[in-house]
Each structure stands twice: as structure tokens, then as C-alpha cells.
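Asker: predicted coordinates and the sequence they were generated for:
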Amino acid sequence: MIRLFRVFFPVRTLVLLAVETLIVWLSFVLGTIVSGQDYWLLRLSNGLFIEGEFLKILLVTGIVLMISHGLDLYDSSTLGTKWDQVSRLLMVLAVVALSLAAVGYLYRYFLPNHNFLPRDSSLAGLIILTFTLFAWRATYSWLVQQRYFRERIYVLGTGERAQRLLKGLQQSGRVGIEVVGWTGQIVNASDHSRKEPAEIEGRVPSRAAWGALAGVQSPDVQLADLQSADRRSGGSQMKVALLQEKIEPQELPQPITIEPELTRDSVANHLLGLAREKGVHRVIVAMSDRRGMLPVEELLDLRLAGVKVEDATNWLEKISGKIEVEHLYPSWLIFADGFRFSTFFRIVRRILNFSVALIGLVLALPLLPFIALGVKLTSPGPVFYHQRRVGRGNETFFCYKFRTMRKDAEADTGATWATDDDPRITRFGKFLRASRLDEIPQLWCVLKGDMHFVGPRPERPEFVERLSKDIPYYGVRHTVRPGITGWAQVQYKYGNTVEDAREKLQYDLFYIKNASVGLDFWIVFQTVKIVLLGRGAK
């Protein structure tokens with residue numbers, strides 16, 4: 001994975017984007033060539049590099065890529081769905097064709113090569129693009145399935161965290177990962193290899209029968225002997241016979257189950273065996289309790305042999321874009337790379353936020369009277385509403401928005417989150433929320449310095465007090481200014497429960513750790529896409 005804008009992107013997704021950029025550009029250049037007449041090479045060079053047609057083709061290329069991004073064709077979670085890709089590619093080509101036709105009809109001078117070649121150069125480019133794009137996507141889908149393009153990973157651990165990591169990796173075939181093994185396979189192998197003596201003449205086997213199976217040569221086998229033999233035999237699950245002879249089967253109580261016991265040696269042997277057999281590239285350590293169990297020497301040998309060894313918290317951060325608060329130790333926050341906010345960085349962000357907020361307010365001025373009129377005509381009450389929110393350093397401030405709920409919406413319930421199809425939201429308020437126009441007044445909060453464009457969502461003091469008790473590290477989100485949009489907002493749905501707040505905090509921690517101007521621009525770019533497609537509004 002490659003880190004851009006402080007966010008990790010799969011290499012294969014970046015390769016897909018780079019190659020498609022080249023394909024789109026070359027398709028329109030080839031369209032210019034095949035539709036040309038005599039002296040096409042001279043006219044082509046003159047048009048591309050003297051008359052600025054080169055920039056027009058680049059602009060068309062950017063538009064094609066933007067439409068593809070809007071239809072999630074570079075969202076790695078959809079790359080493996082064949083027919084979904086086909087339908088979305090057809091939609092991209094249809095939108096591009098209609099756009100070029102409309103531009104050619106209304107303003108033909110915008111089209112590439114209008115001065116020196118026939119008008120069908122754009123059509124020829126679009127036809128070439130159609131064939132090459134489908135051919136490339138088919139080739140790409142085949143390539144990413146090849147084993148030599150996949151990173152082979154071993155997960156060291158057996159607990160809930162390891163299983164959660166396994167599930168995340170298996171659902172993220174997008175990042176080019178193949179899980180070749182994990183420590184839990186030792187337990188599973190033991191479960192499948194367990195032995196149970198058959199009943200003899202309809203009776204429960206005697207202590208001697210159990211002892212013979214366990215390898216204990218004694219006529220009077222005790223429970224401790226069976227447990228000790230069970231551990232020596234590799235930890236296979238075994239029903240322990242009662243210490244009484246001749247008990248009828250119907251009188252037999254629930255048998256005792258002896259769980260397999262992992263040892264450091266069994267973990268190390270399993271790790272080294274799979275590393276040699278499968279050619280492991282990376283080991284991810286997901287052990288909740290490492291005392292006496294972590295095979296340090298073997299991990300060091302693998303590390304020196306070129307195998308990457310990484311903690312589960314770091315890897316989960318890469319593939320999910322969030323930092324899990326479960327099993328997160330304060331020491332990790334202290335020593336982890338990131339969480340740096342220099343004075344220069346703060347000054348640059350403040351200047352950028354102030355400038356963009358001022359420009360945004362000026363551009364939004366023509367809309368304000370119409371929005372205010374819509375609010376007044378559809379429900380009685382003030383045009384604006386303000387609420388106290390918690391900002392940086394736990395200081396409270398007033399957040400301003402256009403009113404989208406009826407007046408006194410919380411008179412009976414008190415402070416509460418908005419829900420799906422909340423009856424308190426007015427008809428015009430639903431439109432404002434879906435289009436995000438209700439948040440225009442928050443630009444004033446950005447100008448004042450209470451908020452930034454990008455940051456964690458500001459919460460109300462009533463919610464902060466409760467969530468700080470229920471969710472560990474919740475107060476960390478108040479080390480930065482809250483934002484109109486943020487990493488959690490573009491990665492997760494609108495939340496109205498404590499579990500949603502926990503999930504969004506994990507995205508907020510990722511943002512705080514990796515905050516940068518580049519990441520802010522990427523979040524704004526994603527926000528524009530979400531607003532245009534009407535996703536995630538409440």
C-alpha cells in the first residue's frame with residue numbers, strides 16, 4: 001500500500017487509475033490521428049502543442065476520470081464485481097458521449113481539434129476509448145487474481161481481535177492480500193483430530209479405556225491424569241470419564257470438555273512451517289496477551305529474512321482508515337507516528353480556512369434570501385437556529401445553521417439525535433439537509449475560528465458528557481477544531497447511537513493522527529462527491 005495525503009491506498013488501485021488516465025488521453029489523441037486527412041502529423045503537432053488542443057484533451061481526460069470516480073469505479077470494494085463494473089463503465093461512456101454531443105452542438109470550439117480536423121475526431125476517440133477501456137478492465141481483473149500479485153499474510157493471534165482482523169482482510173480482497181494462515185488453525189486442527197472411545201456394550205467406557213486412549217498405563221485413572229495426558233497429546237478435546245464404574249448412559253451428566261492449550265512452541269512451529277511452505281510476506285501480530293506466548297526469536301529471524309512484521313493496530317489503520325479503540329493502549333498513542341500539530345501547520349490551516357470560508361460566504365450570498373424564504377414559508381419560527389457545541393480544548397461555542405426542524409423540536413424530549421424519517425424535520429428541511437445547504441451559516445463559525453472546514457463533527461455538551469463515559473479516548477477528538485465535514489462523515493453514515501459514535505470516533509482518531517493539508521483537500525473532494533450523489537444525508 002502507498003501513502004498519499006496521509007491515507008493508505010492499494011498499489012493496484014493506483015496502477016488502475018494511472019493506466020486508465022493514459023488510456024483515455026491516448027484514445028482521444030488516436031481519434032485525432034485516424035480522423036485526420038493529409039498531413040495529419042503536421043496538423044496534429046500544430047494543434048496539440050501550438051493551438052492548445054493538448055490542454056483540451058487533458059480536460060476531457062479529467063472529466064472522464066471524475067465521472068468514473070463518481071460512479072465508484074476506483075472504489076476498491078467494488079473492483080471484484082464483474083457485471084457491476086460493466087454497467088458502470090457503460091454509464092461513464094454514455095455520460096461522456098452526451099456531454100461531448102451537447103458541447104459540440106452549443107459550443108463546438110471547445111472540442112479538441114475543431115480547427116484543423118473533422119468534427120468526428122471526438123467520436124473516433126470515444127469509440128477507441130470504449131474498446132480499450134473494456135479490454136484494459138478485463139486484463140486488470142485477470143492480473144489482480146494472479147497469486148504473484150498478492151501479498152501473503154499470516155495472522156499471529158487467536159482472540160476476538162485476530163478474528164476481526166481476519167474478517168477485515170477477507171473482505172478486502174481489494175488490497176491484494178491472501179491470508180495463508182493464522183494461529184487459530186492450531187485449535188481447529190486439534191478439534192478435528194480429537195478422539196473419543198466408542199461405547200462398549202451400551203455402557204459408558206470405563207476409566208481404564210479412557211486411560212489407554214490417553215496413554216496412561218494405570219488401572220485406576222484419575223481426572224488429573226487424563227487432563228495431563230490430554231495436554232501432552234497436543235491439546236485435543238476429550239470427554240473425561242466419570243470416576244465411577246458402570247454408570248448407565250442415561251445417568252451420565254454433561255461431560256467435561258478440556259479446551260486445547262496453546263503453547264509458545266506450538267505457535268512458533270506453526271508460524272515457521274507456514275512461512276516456509278507458503279512464502280509468507282508479512283506477519284501481523286494480533287495477540288491480546290503476549291506474555292510467554294509471543295515467539296520473539298522466530299519473529300526476529302523472519303524479520304531478518306525479509307518478512308515484514310507489523311502490529312494489528314497499524315495494519316487495521318491502513319486497510320480500514322480508522323484506529324480501533326478496543327485494545328488500544330495509551331502507549332500506542334504516545335509513541336505512534338503522527339499526532340503532530342506544529343505552529344506553522346496551524347497557521348497555514350487557519351489562513352486557508354479563513355480564505356475559503358470568506359469566498360464561500362460571498363458566493364453563497366445570492367442563495368441566502370431564497371433559503372430564508374423557504375424556511376419561513378414552510379414552518380413557523382426563526383430562519384436560523386443555534387446550538388451550543390463542544391470545540392477544541394472542550395470549550396463550548398454556538399454553532400449556527402438554517403433551521404430544518406419545527407420550532408421547539410426538543411421541548412418534550414430534550415437533547416436527542418435525529419433519526420431516520422424524523423417527524424420533527426420539515427419538508428423544506430429535508431431538502432436543505434440532503435443538499436447540505438443548511439450548513440452554509442457554519443462558514444461564519446469558520447471565520448470566527450470556532451471551527452474548520454475539516455475536522456471531527458462538533459457534538460453537544462449533553463452528548464459529550466455521556467459519550468466520554470461510555471467510549472474510551474473520546475476526549476482526544478477535542479484536541480483539534482471541529483469541522484463542517486470530516487473523515488468520519490465521508491467514511492461512515494450519519495450516526496444516532498452510542499455504537500455509531502464509537503465507530504465515528506475511530507475515524508476521527510485516524511484523522512487527528514494523520515492530519516495534513518493534503519488530507520483536508522481529499523476529504524473536501526470526497527464531500528463534494530457525496531453531496532452531488534445525495535449520500536449520507538440526515
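Answerer: Received it, and whenever you're ready, just let me know what you need.
Asker: could you list the low-confidence segments of the stretch 251-400 of the chain?
Answerer: 251-261 (pLDDT under 70).
Asker: one more pass at 90, please.
Answerer: Low-confidence segments of the stretch 251-400 of the chain, defined by pLDDT under 90: 251-270, 273-279, 286-296, 310-322, 324-346, 378-381, 385-386.
Asker: distance check, residue 374 against residue 443.
Answerer: According to CB to CB, to the nearest Å, residue 374 and residue 443 sit 19 Å apart. C-betas here are computed from N, CA, C, even on glycine.
Asker: which one's more surrounded, the two?
Answerer: Taking other CB atoms under 10 Å, residue 374 and residue 443 do not tie; residue 443 has more neighbours (23 against 19).
Asker: contacting residues around the more buried one?
Answerer: Shown in contact with residue 443 (CB atoms under 8 Å, 6 or more residues apart in numbering): 357, 360-361, 364, 484.
Asker: quick check on those residues: which are buried?
Answerer: Neighbour-count burial (16 or more other CB atoms under 10 Å) is assigned, among these, to 357, 360-361, 484.
Asker: tell me which of these is nearest to residue 185?
Answerer: Checking those against residue 185 by CB to CB gives residue 484 as the nearest, at 47.4 Å.
Asker: in which helix or strand would I find the closest one?
Answerer: strand 483-485 (DSSP states H and E).
Asker: what lies in contact with that strand?
Answerer: 439, 442-443, 446, 451-457, 523-524, 527.
Asker: closest to residue 399 among the buried ones among the contacts of residue 443?
Answerer: Nearest member of these to residue 399, counting by CB to CB, is residue 484, at 9.7 Å.
Asker: how close does the residue nearest in space to the middle of the chain sit to residue 168?
Answerer: Nearest to the geometric centre of the chain sits residue 320, at 3.7 Å (CA atoms, centre = their mean). Using CB to CB, residue 320 is found at 6 Å from residue 168.
Asker: between the contacts of strand 483-485, which is nearest residue 83?
Answerer: Nearest to residue 83 among the contacts of strand 483-485, with distances taken as CB to CB, is residue 527, at 29.5 Å.
Asker: that closest one reaches residue 490, doesn't it?
Answerer: Yes: between residue 527 and residue 490 there is a contact at 5.8 Å, judged by CB atoms under 8 Å.
Asker: show me where the stretch 201-350 of the chain has its helices.
Answerer: 207-214, 223-232, 264-278, 296-304, 312-320, 330-335, 343-364 (DSSP state H, counting those that start in this stretch).
Asker: for residue 178, which of these is the nearest?
Answerer: helix 264-278 (8.7 Å).
Asker: just the angle between that closest one and helix 296-304, please?
Answerer: Put simply, helix 264-278 runs at 20 degrees to helix 296-304, going by axes from the mean of the first three to the mean of the last three CA atoms, to 10 degrees.
Asker: tell me which other helices or strands helix 264-278 touches.
Answerer: If you count contacts as 3 or more CB pairs under 8 Å, 6 or more residues apart in numbering; DSSP states H and E, helix 264-278 packs onto strand 151-156, strand 177-182, helix 184-192, helix 296-304.
Asker: quick one: residues contacting the residue nearest to residue 381 when sequence neighbours are not counted.
Answerer: The shortest distance from residue 381 to any non-neighbouring residue, by CB to CB, 6 or more residues apart in numbering, is to residue 407 (3.4 Å). Residue 407 makes contact with 379-382, according to CB under 8 Å, 6+ apart.
Asker: separation between the residue nearest to the centre of the chain and residue 507?
Answerer: Applying CB to CB to residue 320 and residue 507 gives a distance of 9 Å.
Asker: for residue 439, see how far away residue 399 is.
Answerer: In terms of CB to CB, residue 399 sits 9 Å off from residue 439.
Asker: higher neighbour count, those two?
Answerer: residue 399 (23 against 17).
Asker: quick one: the more buried one from residue 385, how far?
Answerer: Residue 399 is 9 Å from residue 385, by CB to CB.
Asker: what of residue 185?
Answerer: 57 Å.
Asker: same deal with residue 527?
Answerer: Counting by CB to CB - residue 527 and residue 385 are separated by 23 Å.
Asker: so residue 310 touches residue 282, yeah?
Answerer: Yes: the criterion here is CB under 8 Å, and residue 310 meets it with residue 282 at 6.4 Å.
Asker: between the two, who's got more neighbours?
Answerer: residue 282 (16 against 13).
Asker: model confidence score at the residue nearest to residue 381, please.
Answerer: Looking at residue 407, its pLDDT is 81.
Asker: and stretch 88-105, what's buried?
Answerer: For stretch 88-105, by 16+ other CB under 10 Å, it's 88-89, 92-93, 95-97, 100, 104.
Asker: now those residues in JSON lines, with distance to residue 473?
Answerer: Rendered in JSON lines, the data for the buried residues of stretch 88-105 read as follows (distance: CB to CB, whole Å):
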{"residue": "88", "distance to residue 473": "38"}
{"residue": "89", "distance to residue 473": "43"}
{"residue": "92", "distance to residue 473": "42"}
{"residue": "93", "distance to residue 473": "47"}
{"residue": "95", "distance to residue 473": "44"}
{"residue": "96", "distance to residue 473": "46"}
{"residue": "97", "distance to residue 473": "50"}
{"residue": "100", "distance to residue 473": "51"}
{"residue": "104", "distance to residue 473": "56"}
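Asker: what is the nearest of those to residue 502?
Answerer: Distances from residue 502 to the buried residues of stretch 88-105, taken by CB to CB, are shortest for residue 88, at 32.9 Å.
Asker: okay, and the closest one sits in which element?
Answerer: helix 82-106.
Asker: one more: residue 370?
Answerer: helix 368-378.
Asker: for the chain, name the helix or strand with the lowest mean pLDDT.
Answerer: helix 207-214 (a mean of 47; mean pLDDT, DSSP states H and E).
Asker: gap between residue 66 and residue 321?
Answerer: For residue 66 relative to residue 321 (CB to CB), the value is 22 Å.
Asker: so between those two, which is more surrounded?
Answerer: Using other CB under 10 Å, the more surrounded residue of residue 66 and residue 321 is residue 321, with 19 against 13.
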